[in-house]
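Trainee: the following block contains a protein sequence and its predicted model.
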Amino acid sequence: MSKLIPPHPWLARVRHDLAKRLLWVARDCRDAGRQPAPGELVATLVDDEGQPIDAISLWNSLAEQAPAEISVVEFRSAIVACVDAAERNDLAGVLGLELAFEQLIERVASSLNGAAPTPTRKAR
Amino acid sequence: MPKLLIIDDRDETVELCHRHLAEFEYVTRCGKPIPCNVCEQRARGCALKGAHDYFEAARVLREVERLPDLVVLDLHFALPKERLLPENKTEMPKEAKAQKAYLESLRRRQGLLILERLRADYPRLPVVMLTTTDFELGEQRLSDPLVYLCQNEIVDSRSLVAEIRRALQLSHKTEEGDVFWGKSVSMAAVRRSLGILSRSPLPTLVEGETGTGKSYLAEHFIHPRSGVKGRLVVTDLSTIPASLLPAHLFGTKKGAYTGAVADQPGVFEQAHHGTLFLDEIANLDLDLQRQLLLVLERNEVTRLGDTTPRPAAVKLVAATNQGLAALVEQGRFRSDLYMRLNPATRIRLPPLRERREDIADLLRFSVLEALQSPAMASLVHAFLIKFPTLSSFDPSENAVLFRRPSAKLAAANGFTVFLAPGALKRLVDHGWPGNHRELRLFATNLLVFTLCQLLEGPDAGARSRAPAVLALTDELVDGLLSSTGAQVSEGALAASRAMSPRPTELQESGGVLVEIPEGLGFSTTASRVETQYLEHLYMKHRGDLAAVARYLLGPLGTARQVHLRFNQLGLKIKLMRQHLLTGSVPASVAEEP
């Protein structure tokens, strides 16, 4: 997650709206060297207007905006695993999303390297 | 203890700060005096720990007495449209898809819109902005020196905490501005104390001889660090006629007295929620001292001729060059007001003779400052024309070296001013009764005489380039320091006269005769000439210092500047006013400075 993130607007949105929220407490626990309290890892997500929304629904709406040539199936699985881990209070399991997000960054970077902006999935 | 305000649509950042910066204070919207960490509401999902949009932030900033030291501001706000800036969404498209894109854009850059609004009301509020890259911010905001970017959007505790600490450190440096504290122990103690007292809501009493920099510190150190929301109002009580002081301090209602043609706020009202610097507070008479005490006790003021009290909560900085404790003993200063001025923590600014280790650095600053001052520009320009020594003149390359002149050490593109170590020692040993003010004048005099002598000297002949060296001679230093020193060359005096057109103008309109005995040296001669000239102007303008200021300094000149100069020269306005009233012409009412 420490990689330099290309300023792709869709990726920035995924990072800000979803990945950051799911990982926030877990990263904080890791940095502070403390164990999370029961239920602490379960993230409260919101939609554009600040209304509560679950992680998969939020991902689905984000995935609709994804560049068409990017495979997003793997990241959806990573989100499901992350949410499950959060409910089990499994710190390492939640942090697994970091690796999945890095892989998503690489996929975006390699598929868009030098290419013009592509239409979104929904648009196609 | 630094105070933070977190503006974020989510509470993660404020929780993180509470956890990792527990020693900080936080601006909350609950109004409780206890920190969130010990509040029972915290575990119940309290929503008042910070501000979630601009409107909550603006409200809480209006209500707090002391501004936070730092604002942590998110960039993206997931909020309903009615909670987004701008309030007036006239540009919002009607078509659904375009409308969604418009709102999305507002949400993604909402932090920037909030920042813009905060800047309008609180221009000096430091802000840490949570963002991914400065790319998102655009060019404009990057130039704001008080915005610090926390560029790791996957914010972790270490990066955010480090950024907050760095921003606080940098903003404190900014607040100190150009204050030079030097190496002396006494000034280190002053800095420590003022650092604490500036944040205190209690008055700060600053004592120090004339020219020690009391008002400079109030403006450049105390006020910026005080955290008050209002502005700094500076008033010198020695420059205002006694009969006008009540109106000046407390304001007037229209019709309160003849000439009060409009409602006029006093300085207390003007400084409401800000800092009020009252210089020469010992000049207040006993009755005004009583009224001042009432204002300070009640934090409200009633204008002359009015019955309605108005809010006047100020951070008061009072300064004097007299020992107030002694005046209290003599019955010339009210003891209750003295106690209200928080004398237990009073600051005494040491005179230059008590911080001789700093004189070399202060002289260097003064010389460099004088070289770049607009007043010296014509002389510097004349020098550069006569001696085309510099290939690309850059004032930032000017240097002052305390050693014998050496072309090898001279800067390539700026002036190099050399002062021999022996002369520096004499300067360090000098008494400097006028302190910084005298030192600055001395530095300017040194440069003026040196440049004039060079300009009056022989031409460079072949216009070969050579370093611009200004060697300040021992004779000149001694001459300016002592009353029996070297004589000013006729050429230098002629050049000096050419720089100052106003005496010529005066001569055309009747002339000013000054009497100077022989052998007085540079310093005394100059002050005698100036003293007699100012006396003449005072009489000519019937005691109107503002008019003298305008005549001497142009439309921006103030009576305070002239009064200060009178004080430096030992000119007693009270005596001059008597002479003015009686119609007598004083030979000179100046005391030897």
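Mentor: Nice, I can see it.

Trainee: ok, which stretches of chain A are helices?
Mentor: Secondary structure of chain A by DSSP state H: the helices cover A:9-14, A:20-32, A:55-63, A:73-87, A:91-112.

Trainee: just the buried positions in the shortest one, please.
Mentor: The one in question is helix A:9-14. Using 16 or more other Cβ atoms under 10 Å in any protein chain shown as the test for burial, helix A:9-14 gives A:Trp10, A:Leu11, A:Ala12, A:Arg13, A:Val14. C-beta coordinates here come from the backbone N, C-alpha and C atoms, glycine included.

Trainee: pick the most deeply packed of the helices of chain A.
Mentor: Highest mean neighbour count among the helices of chain A (mean count of other Cβ atoms under 10 Å in any protein chain shown): helix A:20-32, with a mean of 21.

Trainee: circling back: now the buried residues of helix A:9-14 in TSV, with distance to chain B?
Mentor: Output for these, formatted as TSV (distance: Cβ to the nearest Cβ, whole Å):
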residue	distance to chain B
A:Trp10	12
A:Leu11	10
A:Ala12	6
A:Arg13	8
A:Val14	11
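
Trainee: where's the dip in pLDDT among those residues?
Mentor: Within the buried residues of helix A:9-14, A:Ala12 has the lowest pLDDT, namely 81.

Trainee: which pLDDT value goes with B:Phe449?
Mentor: You'll see B:Phe449 listed with a pLDDT of 88.

Trainee: tell me the pLDDT at residue 105?
Mentor: Chain wasn't specified; assuming chain A. pLDDT, A:Ile105: 87.

Trainee: actually, chain B is the one I wanted.
Mentor: pLDDT recorded at B:Ser105 is 86.

Trainee: that one: neighbour count?
Mentor: Neighbour count for B:Ser105, taken as other Cβ atoms under 10 Å in any protein chain shown: 10.

Trainee: and the helix or strand that it is a member of with chain A, contact?
Mentor: Using DSSP states H and E, B:Ser105 sits within helix B:96-108. Yes. Remark: helix B:96-108 sits within contact range of chain A at B:Leu103, B:Glu104, B:Arg107, by Cβ under 8 Å from any Cβ of the partner chain.

Trainee: any chance of JSON lines for those residues, columns neighbour count?
Mentor: As requested, the residues of helix B:96-108 next to chain A are exported to JSON lines (neighbours: other Cβ atoms under 10 Å in any protein chain shown):
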{"residue": "B:Leu103", "neighbour count": "19"}
{"residue": "B:Glu104", "neighbour count": "12"}
{"residue": "B:Arg107", "neighbour count": "21"}
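
Trainee: quick one, strands of the stretch 51-200 of chain B?
Mentor: Along the stretch 51-200 of chain B, the segments classed as strands by DSSP state E, counting those that start in this stretch run B:70-74, B:127-130, B:147-150.

Trainee: packing partners of the helix holding B:Ser105?
Mentor: The criterion is 3 or more Cβ pairs under 8 Å, 6 or more residues apart in numbering or on different chains; DSSP states H and E, and there are no helices or strands that helix B:96-108 contacts.

Trainee: tell me which residues are up against it.
Mentor: The contact list for helix B:96-108 (Cβ atoms under 8 Å, 6 or more residues apart in numbering or on different chains) reads A:48, B:75-79, B:81, B:84-85, B:91-93, B:113, B:136.

Trainee: mind giving me the domain ranges of chain B?
Mentor: Domain assignment for chain B, taken from automatic domain parsing, gives B:3-174, B:185-350, B:355-489, B:500-593.

Trainee: what residues does chain A put near chain B?
Mentor: Within chain A, the positions near chain B by Cβ under 8 Å from any Cβ are A:1, A:5, A:7, A:12, A:15-17, A:19-21, A:23-25, A:27-28, A:31-32, A:46-50.

Trainee: what residues are up against B:Leu168?
Mentor: Going by Cβ under 8 Å, 6+ apart, B:Leu168 touches B:Pro2, B:Asp69, B:Leu70, B:Pro126.

Trainee: er, B:Leu441 I mean
Mentor: If you count contacts by Cβ under 8 Å, 6+ apart, B:Leu441 has them with B:Gly434.

Trainee: still on that earlier bit, dump the contacts of helix B:96-108 to a markdown table, plus pLDDT and neighbour count.
Mentor: Below are the contacts of helix B:96-108 laid out as a markdown table (pLDDT from 0 to 100; neighbours: other Cβ atoms under 10 Å in any protein chain shown):
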| residue | pLDDT | neighbour count |
| --- | --- | --- |
| A:Asp48 | 83 | 18 |
| B:Leu75 | 86 | 23 |
| B:His76 | 85 | 23 |
| B:Phe77 | 89 | 26 |
| B:Ala78 | 88 | 20 |
| B:Leu79 | 90 | 21 |
| B:Lys81 | 89 | 14 |
| B:Leu84 | 93 | 20 |
| B:Leu85 | 93 | 20 |
| B:Glu91 | 85 | 8 |
| B:Met92 | 88 | 13 |
| B:Pro93 | 90 | 13 |
| B:Leu113 | 91 | 15 |
| B:Glu136 | 57 | 21 |
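
Trainee: perfect, I'm done here.
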